[in-house]
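Visitor: generate a structure from the sequence data that follows.
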Amino acid sequence: MLRALQEAEAEATPEVREAIWKNFHIVAYIGFMYDELSAGWKFISIFYHAFCIVHQFLYAGIQLYTMALLIETNLLDAVVSINFSCLTYLSFLTMITNAANRTNVSLLMKAVHDGFYDYGGTLSKKEIDKRIAESNERRKFVTLSITGVISICIGSFFISAVIDTMLGYEEKEIRIEGIYQHGNVKAWFPFNATSQFSLETAVTLYMLHNVFTTGTTLMALNLFNILGALTIILQLNILKTAISSLESRAYDMYRKRVKRKIPFSLALHKDSHYVSCMNYCLAQTVQHHQVLIKKFGNYTSVMTYPLFFYVSFCAVFMATSAIGLQEKDASPSVKMMCFSLLVAQILTLGATCFGLGQISSISADLKNDLYFLNWYDYHPSTKKAIKIMLEKMKRPIVLKAGGLAIVNWELFANVMQGFYSYVNLYNLANGRK
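Guide: Reported below is the predicted structural model:
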């Protein structure tokens, strides 16, 4: 274990730390995406990370047990407990996955800092800067959207309990059959306290810590997910530009090498200097593609299991939120929480499926861009290199959640269909249309 930590920390170069702070700021650290393991913080970070893993596991178990106690007497509160239990287990899994994949995070962020691949002047800097500027605008929008929506979810938990108290929705009894009644999420707790104040303080702090930990962990996960996907999309677009401008790149390089103006013609494909330039530019695109595949592998290692859990239960998440929202007997706090959670869940899944769908689509287009070059006029050595590259690009770049389900718009549609079915099934079971 200690050796694994030492190897992981060896990858945490100043460039990696700079890239993490630039892209995620404090969220990376409070959301357990990238623990601070420097000399002064190592013990504190490891201890707190382990403490939160145990805390999340226990709280998720408490919510499941609460659901089992309430399912026959209070279905609405049982449904809310299921939602919170699943979200807590997702944050629990994310904490473990992040700890195990610290090296993969470091390798991806180092590539982000270094710009993935340097074409050494053969590709227009103006074009690259244009692509980067467009990507940065999307990153700013996504960052503000994700942090804003999840912050609202966290805030709704704090505010809604106060609203219930002000409007008189709070139960008079503190505990009924071991289930703590005050607050917007009912929960069974095994411990007692010497006074009402001590009990309320202990339970409130325990629940607030869970909400904060779950919220920040999922915020960091979503930021890494979406910003990682945008980074891969940026590199795919740069690679796409490099392929489509292959001939012009080789021609510019050739002119610089021979140091005279020669008009472009098919005869150049018989010039050994031009063929050398063409093969060099083609080799650059191959190298860039290989780097991209490796870094996408780092990204996939971090995201595959949290996404698998989320996708598997996402329809249930949404259905429980929608059920809480439509119930007439639900308190304002429950409706407020369910609404904010439903919006966050739909937006998160939609953004994830859109980003990874874009990666799959653009990577599939690379093969077409390469095929539609005038390769039949090229030198045999260039044709051979293109054929090899076409074979490597046959399979589009996709992320399979848990190695099973391809994350794209089709998956989004399937989850939404499942969500709709669960809500209808609940309504039919309760005699509604």
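
Visitor: quick one: low-confidence parts of the stretch 51-200 of the chain?
Guide: For the stretch 51-200 of the chain, residues meeting the criterion pLDDT under 70 lie at 158, 160-185, 190-200.

Visitor: so which residues of it form strands?
Guide: 175-176, 179-180, 187-188 (DSSP state E, counting those that start in this stretch).

Visitor: what about G402, how many residues nearby?
Guide: 13 (other CB atoms under 10 Å). Yep, even glycine has a C-beta here, placed from its N, CA and C like the rest.

Visitor: show me the contacts for it.
Guide: Applying CB atoms under 8 Å, 6 or more residues apart in numbering, we find G402 in contact with 304-305, 307-309, 312.

Visitor: just put those in JSON lines and tack on secondary structure, distance to S85 and pLDDT.
Guide: Compiled in JSON lines, the contacts of G402 are given as follows (DSSP: H, G, I helix; E, B strand; the rest coil; distance: CB to CB, whole Å; pLDDT from 0 to 100):
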{"residue": "T304", "secondary structure": "helix", "distance to S85": "22", "pLDDT": "87"}
{"residue": "Y305", "secondary structure": "helix", "distance to S85": "18", "pLDDT": "88"}
{"residue": "L307", "secondary structure": "helix", "distance to S85": "19", "pLDDT": "87"}
{"residue": "F308", "secondary structure": "helix", "distance to S85": "18", "pLDDT": "86"}
{"residue": "F309", "secondary structure": "helix", "distance to S85": "12", "pLDDT": "85"}
{"residue": "S312", "secondary structure": "helix", "distance to S85": "14", "pLDDT": "83"}
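
Visitor: separate out the buried members of the residues you listed.
Guide: Using 16 or more other CB atoms under 10 Å as the burial test, these include 304-305, 307-309 as buried.

Visitor: which of those lies closest to G355?
Guide: L307 (11.5 Å; CB to CB).

Visitor: so what's the closest one up against?
Guide: 225, 352, 399, 401-402, 407.

Visitor: neighbour-wise, which of those residues leads?
Guide: When neighbours are counted by other CB under 10 Å, V407 leads those with 28 neighbours.

Visitor: that residue reaches L356, doesn't it?
Guide: Yes: proximity of V407 to L356 meets the contact threshold set by CB atoms under 8 Å, at 4.4 Å.

Visitor: any shared contact partners between those two?
Guide: With CB under 8 Å, 6+ apart, V407 and L356 have common neighbours 398-399.

Visitor: where does pLDDT dip in the stretch 201-350 of the chain?
Guide: Using pLDDT under 70, the flagged stretches of the stretch 201-350 of the chain are 259-260, 263-269, 330.

Visitor: please enumerate the helices of it.
Guide: 246-258, 272-326, 332-371 (DSSP state H, counting those that start in this stretch).

Visitor: can you redo these as CSV with distance to T231?
Guide: Shown next, in CSV, are these (distance: least, CB to CB, whole Å):
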stretch, distance to T231
helix 246-258, 23
helix 272-326, 8
helix 332-371, 10
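
Visitor: which stretch among those helices comes nearest R102?
Guide: Nearest to R102, of the helices of the stretch 201-350 of the chain and by CB to CB, is helix 272-326 at 9.3 Å.

Visitor: tilt between the closest one and helix 246-258?
Guide: Angle, helix 272-326 to helix 246-258, by axes from the mean of the first three to the mean of the last three CA atoms, to 10 degrees: 140 degrees.

Visitor: single out whichever of the contacts of L307 has the smallest pLDDT.
Guide: Note: of the contacts of L307, the lowest pLDDT belongs to G402, at 80.

Visitor: so L325 sits against K335, correct?
Guide: Yes: contact criterion CB under 8 Å: L325 and K335 qualify, at 5.7 Å.

Visitor: coming back round to it: need the buried ones among the contacts of G402 in a markdown table with distance to V258, can you?
Guide: Below are those laid out as a markdown table (distance: CB to CB, whole Å):
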| residue | distance to V258 |
| --- | --- |
| T304 | 50 |
| Y305 | 54 |
| L307 | 52 |
| F308 | 55 |
| F309 | 59 |
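
Visitor: nearest to L373 among these?
Guide: T304 (34.2 Å).

Visitor: follow-up on the earlier one: closest one of the contacts of L307 to H55?
Guide: Using CB to CB, the contacts of L307 come closest to H55 at N225, 23.4 Å.

Visitor: how near is the closest one to M219?
Guide: 11 Å (CB to CB, to the nearest Å).
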